[in-house]
Structures are given as C-alpha cells and as structure tokens.
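S.K.: Sequence plus predicted model, see below.
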Number of protein chains: 2
Amino acid sequence: MKIAVVAPSCPLDEVAARRTAERATRFGAELHFHPQCFSQAGHFAGPDDERRAALLEVMADEEIDAVWFARGGYGSNRIAHSIMRALPPEAFDKTYMGYSDAGFLLAGLHKAGCRVAHGPMPQDALREGGEAAIDRALGWLAQGAKDALEPGLSDGVPAMAFNLTVLSHLLGTELEPDFTGVDLIVEEVSEYEYRIDRALFHVTGQDSVRKALRMRMGRMSDIPENDRPFGSDVGHIFADWCARSGVVFAGAADVGHDAANRVVPFGARSA
Amino acid sequence: MKIAVVAPSCPLDEVAARRTAERATRFGAELHFHPQCFSQAGHFAGPDDERRAALLEVMADEEIDAVWFARGGYGSNRIAHSIMRALPPEAFDKTYMGYSDAGFLLAGLHKAGCRVAHGPMPQDALREGGEAAIDRALGWLAQGAKDALEPGLSDGVPAMAFNLTVLSHLLGTELEPDFTGVDLIVEEVSEYEYRIDRALFHVTGQDSVRKALRMRMGRMSDIPENDRPFGSDVGHIFADWCARSGVVFAGAADVGHDAANRVVPFGARSA
C-alpha cells in the first residue's frame, strides 16, 4: 500500500510528518511525502503552480494507491478547477483523503468520479491524542478498518462531509457535487455563531442542498465569544435552518477538527 | 419627504439617531425612527418576528416615501425570505437604502421590483466625519442630489453594490438578483486576505456573476494581519479572480465601510 502525501493548501509540519511516518509502518503502509509538502510561499505550501504540479504528479503515478492531503488551512480551491480539467486516467484508481480546506478537492474529485473520503490528515499528529487520528486514517486507508468509519453512516445511503465554510464557498462553482439523497454532514471550527448562522442560511437556501436526504451536525468547536451573546446555540441554529428549509435534521455526527474525527467515504457503500 | 428608519439587523445607537435627526431638518426630510430600531434580543435589534413586523409596517405605510435601514451587523437575511413573500403593494412606491448586512434586503427588494440603493445609514453618524455620510444619504434620498452618487456609474448601465461576504452568502438563494450586464461593485471590511480570496473565488465562480458587465472594487478596509503574510494584496487578489473567471475588472469604486461611502442606486438610470 503506497500512500502519497501532498499539501494543496498550507505546509505540513515536519514533526507531524515524522510522527505519521512512524505510525505507517504498523499498518504496512509506505508513505511518500512529496517535497512540496514542506514548501512555503506566503500563506501556502508553495505557489499555485507548485501545489498543482505535485498533486497532478502523484495522481498520475500508477504505483500510488492513495493520495493523502497533508493539512488544511486555505488554498486548495485555487488549484481545484485546473486539476479537474487535467485529471490523468490513473487518478481514478486511487483513494483521496483529507478534510477542512481539502473539502474543495474532495467535492471536485468525487464529482469527477474518484474515490474520496473525509478523514484525518498527517498534520493531526500534532493534536492532543493525535496518534489515534493518524491510526484511524491509516487503518482505513491501508486495511479498510470499519471501526474508523463515522458510526451513523447507513449502508446504501450515500454520504458526504464538509467543513461548513468550505461547503458554503463551493456552492454554485464547478466543484459542487450532486447532493441528491445524500447524508450531508457539516462541521465547523473557530467561527462566530453569527457566521455559522449566516453560512447555514446560505447552504440550506440552495435548491441543490435541499435535495439531500438529511443533514447531520459534526462538531462546531472553538467558537469565539461574540461581543454580546448571540442569543442561540449551534444545535438550535443548525436545527432551525434545517426546519426552515425543509431539510431533515438527523442529529449529531462524529466528525470535526479534533483527534476523534472519523472517516466519511463519499458516495454509497455496501455492507 | 417622510423617511422611516427600521433596523433589520442590529440595534441603532441612540446618539447616532439623534445626530441623524438633527441633519434631516436641513434637507426638508421628516425622519420617523421606528421604536424597533432600539430593541435588542441577543445579537439582533429584536427577535426575527419584531424586525420583520416593523419592516412590513413601514413598507405598507403609504405616507412613507423612503425606508432607511438603520445599521448593518448581521440578521437581515433571517427575515428577508418571509418579507419577499409578504410585500404589500405600497412597498413598490418607496426607496430603500442601506449597505453591509442590509445587502440581503437590497438584493431581494431589487429583484422584486422595488427601488433600492446602496448607501450610508444612520449608524454612520458615529464615524469620524460621519456627518458628511449622513448629509450625502439625506441629500440623495430627499433631494436626489447627483453629487452623492458613486462617480464611476455610467448612464444606462445598471449597477449594484454589495459587501463581498453578504454577496457570497446570498448567491443561489431566493434573494439572488440577475447580474446580467451589471456594473457590480464589491466592498469589504475587517476580513483576512485569505477570506477575501476565498469569497472572490466563490463569487466569480458563479455562472450568474460571470454575466456581469464588469466588476469594480470598493474599499477593502481594516484587513486584520495574517499569522504569516498572505503573499498578495487585495488589488491583485481582486484582479486575479476577475481574470480567472473572464469578468472585466474595471478598477476602483468609491464605496466602503467609511464616511466617504457614496450612493449606488441599483438598476439602470437615465442621464
């Protein structure tokens, strides 16, 4: 099992890379950290051209079984459209995993017909208890471990998971996938309640999203304190926008910006 | 000239109301501050029901010539859809003005066929030099003063102006107006460069926005400092997304979250 790691958004920490590589051997996985992971250009892990080239290179490599996005942050959207227009045939024989900003790529690659999953990334090795997140990701990527999966997924029901802000920003663009009949899981981190409310207004205001089978709320963590109390909490905010838009609110999902983040493969799975 | 002031988002400061009322007499305008302006419920100027009722009340009042939104903040989107479904016939004989969060209402009301303009609000009286903003707004509302208008507007070319984040969040919802052939002006305040970049990716990634005649950049002010430099500035970011999406970038526009903010009436004007 050969897994290539690239960083379409922000650079990977070297300590996180080393810790992740140490765990990989226990799962019989061979990790290849592309040098681009450690490149830096302003906010990004190298300029757009470098990030795009690294991703296309590993996508075209027939020796590689999986492409693991190193870290979120911001920037994968800047290369996503051009990646979708240049997909090599070998891209379809691989699994892609990541979350947060990498959701732009998960959306586009899933739409194009690739196998993608929302799940932990190498940078998570730096979190408190992050080893468990890395093991979960490797267990699923290398061995298909079922206990890595988000426990509320239903056989035969296609699922997707996104960061709320990322989902909001890909709607209406070429990256937007088909939400029809989907168990749509949404998580958020470090956003004010008024921003969560506004993004959920936007997301649930789309005809396309209203075709989802249901929505579930991942963790909404590290919410900064408002200048004055917002007047509601995220659970009520989430349920309220689902009710207003006629989308079924189906409770909590075990994903989020933390070490407990479970794996959500996109699309339908059989038992 | 009777102008009703309501607050569909956050509450109006009483000092700002007093200062605005003092200026109004010089323009022969009679200001009616709806008591709802000073209501408070969590983040908002009263609960959704109260804000909605106040706005519908002044919209239905045939004595009122103009409805002036008191202040931005957040929250007009939460009542906008239900307002659009309950428009009284008298709503179409009025002019509506505001900006920032009020852009949700400007979009929906313009789409419904009402006369709307992006321009200063009573809360701006508290800004440094805010009296000029209030006078500009009153001069245009009460006397149609042409020197209040954004100087780059072209006769016969329909225009619209929005806060970038507000525009991004109304796309694809029932509030989205038709951008075909429009001089589309976008301003922003207090957002990181990476967020501005992401929102412009989203906005210019829409087929609907790509029908605009051109885009112009209002002021992008009070940008917080990134943890590490983003690697570009807002002028280049704006021009880059226009270029990528095939939208004509037509330079700067004289609008923004400041006392110099000029008036942009939506739709086409004759000379």
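M.R.: Looks like it arrived, so ask away.
S.K.: Chain A - how does it break down into domains?
M.R.: Chain A breaks down by automatic domain parsing into domains covering A:2-148, A:158-268.
S.K.: Adding distance to chain B and mean pLDDT, write those domains out as TSV.
M.R.: The way it works is simple: take the backbone N, C-alpha and C, and place the C-beta from them, glycine included. Below are these laid out as TSV (distance: least, Cβ to the nearest Cβ, whole Å; pLDDT from 0 to 100):
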stretch	distance to chain B	mean pLDDT
domain A:2-148	2	97
domain A:158-268	2	96
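S.K.: Tell me which of those lies nearest to B:Pro120.
M.R.: Closest to B:Pro120 of these is domain A:158-268 (Cβ to Cβ; 22.5 Å).
S.K.: Just the endpoints, please. Distance across the closest one?
M.R.: 4 Å (Cα to Cα, to the nearest Å).
S.K.: what packs against the longest helix along chain A?
M.R.: Counting residues, the longest helix found in chain A (DSSP state H) is helix A:130-143. Using 3 or more Cβ pairs under 8 Å, 6 or more residues apart in numbering or on different chains; DSSP states H and E, the elements in contact with helix A:130-143 are helix A:14-24, strand A:66-69, strand A:95-98.
S.K.: Repeat the analysis, applying 7 Å as the threshold.
M.R.: The contact analysis (3 or more Cβ pairs under 7 Å, 6 or more residues apart in numbering or on different chains; DSSP states H and E) places helix A:130-143 against helix A:14-24, strand A:95-98.
S.K.: Tell me how far A:Arg244 lies from B:Gly46.
M.R.: Separation of A:Arg244 from B:Gly46 (Cβ to Cβ, to the nearest Å): 19 Å.
S.K.: So for those two, which residue has more residues nearby?
M.R.: Counted by other Cβ atoms under 10 Å in any protein chain shown, A:Arg244 and B:Gly46 do not tie: B:Gly46 has more neighbours, with 22 against 15.
S.K.: what's the closest non-adjacent residue to that one?
M.R.: B:Ser39 (3.5 Å; Cβ to Cβ, 6 or more residues apart in numbering or on different chains).
S.K.: Please look at that neighbour and B:Pro47 and confirm they touch.
M.R.: No - B:Ser39 is not in contact with B:Pro47 according to Cβ atoms under 7 Å; the separation is 8.4 Å.
S.K.: Kindly reformat the domains of chain A as a markdown table and extend each row with distance to B:Asn77.
M.R.: Shown next, in a markdown table, are those (distance: least, Cβ to Cβ, whole Å):
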| stretch | distance to B:Asn77 |
| --- | --- |
| domain A:2-148 | 23 |
| domain A:158-268 | 5 |
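S.K.: that older thread, if I take the longest helix of chain A and helix A:14-24, what angle do their directions form?
M.R.: Interaxial angle of helix A:130-143 relative to helix A:14-24 (axes from the mean of the first three to the mean of the last three Cα atoms, to 10 degrees): 50 degrees.
S.K.: Convert helix A:130-143 to PDB, retaining C-alpha atoms only.
M.R.: Output of helix A:130-143 as PDB, limited to C-alpha atoms (Å, rounded to 0.1, in the frame of the first residue of the first chain):
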ATOM      1  CA  GLY A 130      -3.500  12.900  17.600                       C
ATOM      2  CA  GLU A 131      -1.900   9.500  17.200                       C
ATOM      3  CA  ALA A 132      -5.400   8.000  17.400                       C
ATOM      4  CA  ALA A 133      -6.500  10.100  14.500                       C
ATOM      5  CA  ILE A 134      -3.500   9.100  12.400                       C
ATOM      6  CA  ASP A 135      -4.000   5.400  13.300                       C
ATOM      7  CA  ARG A 136      -7.700   5.700  12.300                       C
ATOM      8  CA  ALA A 137      -6.800   7.200   9.000                       C
ATOM      9  CA  LEU A 138      -4.100   4.600   8.200                       C
ATOM     10  CA  GLY A 139      -6.300   1.800   9.400                       C
ATOM     11  CA  TRP A 140      -9.000   2.800   7.000                       C
ATOM     12  CA  LEU A 141      -6.700   3.700   4.000                       C
ATOM     13  CA  ALA A 142      -4.400   0.600   4.300                       C
ATOM     14  CA  GLN A 143      -6.700  -2.000   5.800                       C
END
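S.K.: gap between it and the chain center?
M.R.: Distance of helix A:130-143 from the chain centroid (Cα atoms, centre = their mean, to the nearest Å) equals 15 Å.
S.K.: what comes up buried for that helix?
M.R.: Neighbour counts over helix A:130-143 (16 or more other Cβ atoms under 10 Å in any protein chain shown) mark A:130, A:133-142 as buried.
S.K.: Just put those residues in CSV and tack on distance to A:Arg214.
M.R.: Formatted as CSV, the buried residues of helix A:130-143 follow (distance: Cβ to Cβ, whole Å):
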residue, distance to A:Arg214
A:Gly130, 30
A:Ala133, 26
A:Ile134, 30
A:Asp135, 29
A:Arg136, 24
A:Ala137, 25
A:Leu138, 30
A:Gly139, 27
A:Trp140, 23
A:Leu141, 27
A:Ala142, 31
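S.K.: any idea which of the helices and strands packed on helix A:130-143 is most buried?
M.R.: strand A:95-98 (a mean of 24; mean count of other Cβ atoms under 10 Å in any protein chain shown).
S.K.: Just the helices from the stretch 51-200 of chain A, written as ranges.
M.R.: A:77-84, A:103-112, A:130-143, A:164-170, A:193-204 (DSSP state H, counting those that start in this stretch).
S.K.: Need these in JSON lines (columns: distance to B:Asp124).
M.R.: Converted to JSON lines, the helices of the stretch 51-200 of chain A look like this (distance: least, Cβ to Cβ, whole Å):
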{"stretch": "helix A:77-84", "distance to B:Asp124": "34"}
{"stretch": "helix A:103-112", "distance to B:Asp124": "37"}
{"stretch": "helix A:130-143", "distance to B:Asp124": "47"}
{"stretch": "helix A:164-170", "distance to B:Asp124": "29"}
{"stretch": "helix A:193-204", "distance to B:Asp124": "21"}
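S.K.: A:His32 is nearest to which of those?
M.R.: Per Cβ to Cβ, nearest to A:His32 of the helices of the stretch 51-200 of chain A: helix A:130-143, 13.1 Å.
S.K.: which outside residues touch the closest one?
M.R.: Residues outside helix A:130-143 that contact it (Cβ atoms under 7 Å, 6 or more residues apart in numbering or on different chains): A:1, A:3, A:20, A:23-24, A:27-29, A:66, A:68, A:95, A:97, A:119-120, A:124-125, A:127, A:145, A:148, A:259, A:261-263.
S.K.: ok, of those, which come out buried?
M.R.: Among the contacts of helix A:130-143, those buried by neighbour count (16+ other Cβ under 10 Å) are A:3, A:20, A:23-24, A:27, A:29, A:66, A:68, A:95, A:97, A:119-120, A:124-125, A:127, A:145, A:148, A:259, A:261-263.
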